[in-house]
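Sequence plus the predicted model coming up.
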Amino acid sequence: MYQFSDFPWPSSVVEEFPDHCQILEYMEEYARQFDLVRHIMFRSKVVSVWYERDADEDEETEGWDFWGGSREAFGWKGKWEVQVETSSDGHTSMETYVVDFVILCIGRFSGNPNFPEFPPGKGPETFHGKVIHSEDYATMGHERAKEFVRGKSVVVVGFRKSALYIAMECSNINASRSRSAPACSTVQASFYNRVEEGSIVLKKALKFEFRRDGISIDGKLTEVKADVVIMATGFKGDQKLSDIFESQSFRNCILRPPSAVVSLYRECIHPQIPQFAVIGFSKNLSNLYTFEMHCRWLVELLAGKFRLTPICEMEKDMEEWENYLESSGKGYRKFCQGALHIWNNDQMCKDMGWNQRRKTEFFLEWFEPYGPSDYASP
Ligand SMILES: Cc1cc2nc3c(=O)[nH]c(=O)nc-3n(C[C@H](O)[C@H](O)[C@H](O)COP(=O)(O)OP(=O)(O)OC[C@H]3O[C@@H](n4cnc5c(N)ncnc54)[C@H](O)[C@@H]3O)c2cc1C
């Protein structure tokens, strides 16, 4: 599933779960194959984006009937000013680029770490060991991270991908005890072997607090000694996306109330934000495959191959989708969307004028699961 539609994994990779080095190699090879690197500005950070319109035009986009005023990618003929901070040789410089269209692909699971708040005297300031976020651990690199946890008793807070990977790594490095608390995710079978051996100890906790020598779980009932606490408590990715707009009205509309999560039409564009798209903010089971489909849809839109429905219909569509997800049960939301990505792909195929039945034969359509290669360009 984790594969570009037009770039199969090399036959040398036989593992069901390739490791991070193999994934990096696959990505780098893809970039080389399609000559992408020369288009990338490294060491550069987009600090803000600002939509500039003709001064005579109305400030608000809320009264519009069509996206960008005309249902097309470049309809309104406004411009975006993109402020970019670049660092080189210890110096930083700021530059502004004026562009016709902005596509943000800044990642939902990086930057803006989510750090829980604690009452005074019960947070990390009380603890005599080290507290870091999972992102700090990841950016340390393998060797430094290894030294950081070697010989230490490590508590990993969280029970999703980052937490499970880090707990597993600490257990590999130390064969000492790592502890991990709430939720669910997909893990290698060997994770449970480590749990059985006792080198990973799982503790379920509704809440926890820091102590001088570790943490206490569920109001002092259980005290766990630790040298290092790694907070695998996720990211505020939606907030990061909203903060990049200089305009407060765009900030407000991209975080749709009441849930205040990013909500997009076809998971790519916002009806009230013209000449602008986001890739990488949907929730699904296999990001690469789903995001690639979003990119195809966007490319066709930019090329003027189809036009969008009026804003009121786009909003109705988004609302129906949101309500459907909500009605699927609390906490189930993202898994639900993950399983339904084929439905979303069908909608995109229809928009683009592609046949949404992607298989070449009747029996394959009925009995073979859909995968990335089914969505290669027709
Ligand atoms: C521990 C972990 C395990 C995961 N496992 C899987 C998995 O098994 N399968 C799966 O499909 N997905 C997995 N994911 C999700 C993973 O994040 C995505 O698959 C993929 O990395 C998303 O790609 P992206 O390009 O959208 O975002 P990212 O990979 O996060 O890339 C975003 C890029 O934008 C850059 N950036 C951010 N802000 C700015 C800015 N303001 N200016 C300039 N550049 C900026 C970042 O530096 C980064 O290079 C996992 C995530 C984590 C954290």
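Cool, the structure landed.

Tell me how far the spatially most central residue of the chain lies from K236.
For the chain, R108 is the residue whose C-alpha lies nearest the centre (CA atoms, centre = their mean; 2.9 Å). R108 sits 10 Å away from K236, going by CB to CB, to the nearest Å. (Each C-beta comes from the backbone N, C-alpha and C, glycine too.)

State the number of residues packed around the residue of the stretch 1-150 of the chain found nearest the ligand.
Residue of the stretch 1-150 of the chain nearest the ligand, by CB to the nearest ligand atom: G107 (2.2 Å). A count of neighbours around G107, defined by other CB atoms under 10 Å, yields 16.

Show the backbone phi and psi for it.
phi 80, psi 130 (degrees, to the nearest 10).

My read is that it contacts G280, right?
Yes: using CB atoms under 8 Å, G107 is in contact with G280, at 5.9 Å.

Can you name the residues of the chain sitting close to the ligand?
2, 45-46, 105-107, 109-111, 161-162, 165, 280, 286-288 (CB under 6 Å from any ligand atom).

before we move on, the earlier item: how about the contacts made by the residue of the stretch 1-150 of the chain closest to the ligand?
G107 makes contact with 237, 280, according to CB atoms under 8 Å, 6 or more residues apart in numbering.

Might one say that I23 is in contact with W9?
No: the criterion here is CB under 8 Å, and I23 misses it with W9 at 9.8 Å.

which regions of the stretch 251-378 of the chain lie under the pLDDT threshold?
Residues of the stretch 251-378 of the chain meeting the criterion pLDDT under 70: 258-259, 285, 325-340.

can we see that at 80?
256-261, 283-286, 321-341, 377-378 (pLDDT under 80).

Where do the strands of the stretch 1-150 of the chain begin and end?
Counting by DSSP state E, counting those that start in this stretch, the segments of the stretch 1-150 of the chain that form strands are 44-52, 79-88, 91-99, 102-104, 130-133.

any chance of the ones you listed in CSV, with distance to R144, mean pLDDT and mean neighbour count too?
Putting the strands of the stretch 1-150 of the chain into CSV (distance: least, CB to CB, whole Å; pLDDT from 0 to 100; neighbours: other CB atoms under 10 Å) gives the following:
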stretch, distance to R144, mean pLDDT, mean neighbour count
strand 44-52, 23, 95, 15
strand 79-88, 21, 95, 15
strand 91-99, 24, 96, 10
strand 102-104, 30, 97, 18
strand 130-133, 12, 97, 18
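
Nearest to F363, out of those strands?
Nearest of the strands of the stretch 1-150 of the chain to F363, taken as CB to CB: strand 102-104 at 38.5 Å.

Each with direction, which strands does that closest one pair with?
Paired neighbours of strand 102-104 in the sheet (DSSP bridges): strand 276-278 (parallel).

hmm, back to that, and the pLDDT at the residue of the stretch 1-150 of the chain closest to the ligand?
As predicted, G107 sits at a pLDDT of 93.

Could you do F191 as well?
82.

Next, K305: secondary structure please.
coil (DSSP: H, G, I helix; E, B strand; the rest coil).

give me every residue that touches it.
Counted by CB under 8 Å, 6+ apart, K305 has contacts 352-353.

same thing with I23?
So I23 contacts Y2 (CB under 8 Å, 6+ apart).

now it: how far from L202?
Counting by CB to CB - I23 and L202 are separated by 27 Å.

In the stretch 201-350 of the chain, what residue spans correspond to strands?
208-210, 214-217, 222-225, 228-231, 255-256, 261-262, 276-278.

closest to V155 out of the ones you listed?
Short answer: strand 228-231, nearest of the strands of the stretch 201-350 of the chain by CB to CB, at 4.7 Å.

For that closest one, the averaged confidence score.
Rounded mean pLDDT across strand 228-231 is 96.

and it, C-alpha only, in CSV?
Presented in CSV, the C-alpha positions along strand 228-231 are these (Å, rounded to 0.1, in the frame of the first residue of the first chain):
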residue,chain,number,x,y,z
VAL,A,228,14.0,9.9,30.6
VAL,A,229,10.4,10.7,29.6
ILE,A,230,9.6,10.8,25.9
MET,A,231,6.2,12.4,25.1
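
How far does it sit from its chain's centre?
Going by CA atoms, centre = their mean, to the nearest Å, the spacing between the C-alpha centre of strand 228-231 and its chain's C-alpha centre is 22 Å.

Parallel or antiparallel, list what pairs with it.
Those paired with strand 228-231 in the sheet (DSSP bridges) are strand 130-133 (parallel), strand 154-157 (parallel).

how about those in CSV, adding distance to F66?
Formatted as CSV, these follow (distance: least, CB to CB, whole Å):
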stretch, distance to F66
strand 130-133, 42
strand 154-157, 47
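
how far away is the spatially closest residue to K350 that is not a sequence neighbour from C253?
The shortest distance from K350 to any non-neighbouring residue, by CB to CB, 6 or more residues apart in numbering, is to Q356 (6.0 Å). To C253, Q356 is 30 Å away according to CB to CB.

So for these two, which sits in the more crowded spot?
Neighbour tally, Q356 and C253, criterion other CB under 10 Å: the higher count belongs to C253, 19 against 13.

residues in contact with S134?
113, 158, 162-163, 166, 230-233.

Identify the residues contacting L241.
104, 106, 108, 254, 262, 278, 281.

Would you reformat the residues you listed as JSON lines and include distance to D346?
Putting those into JSON lines (distance: CB to CB, whole Å) gives the following:
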{"residue": "L104", "distance to D346": "25"}
{"residue": "I106", "distance to D346": "28"}
{"residue": "R108", "distance to D346": "24"}
{"residue": "I254", "distance to D346": "25"}
{"residue": "V262", "distance to D346": "22"}
{"residue": "V278", "distance to D346": "21"}
{"residue": "F281", "distance to D346": "20"}
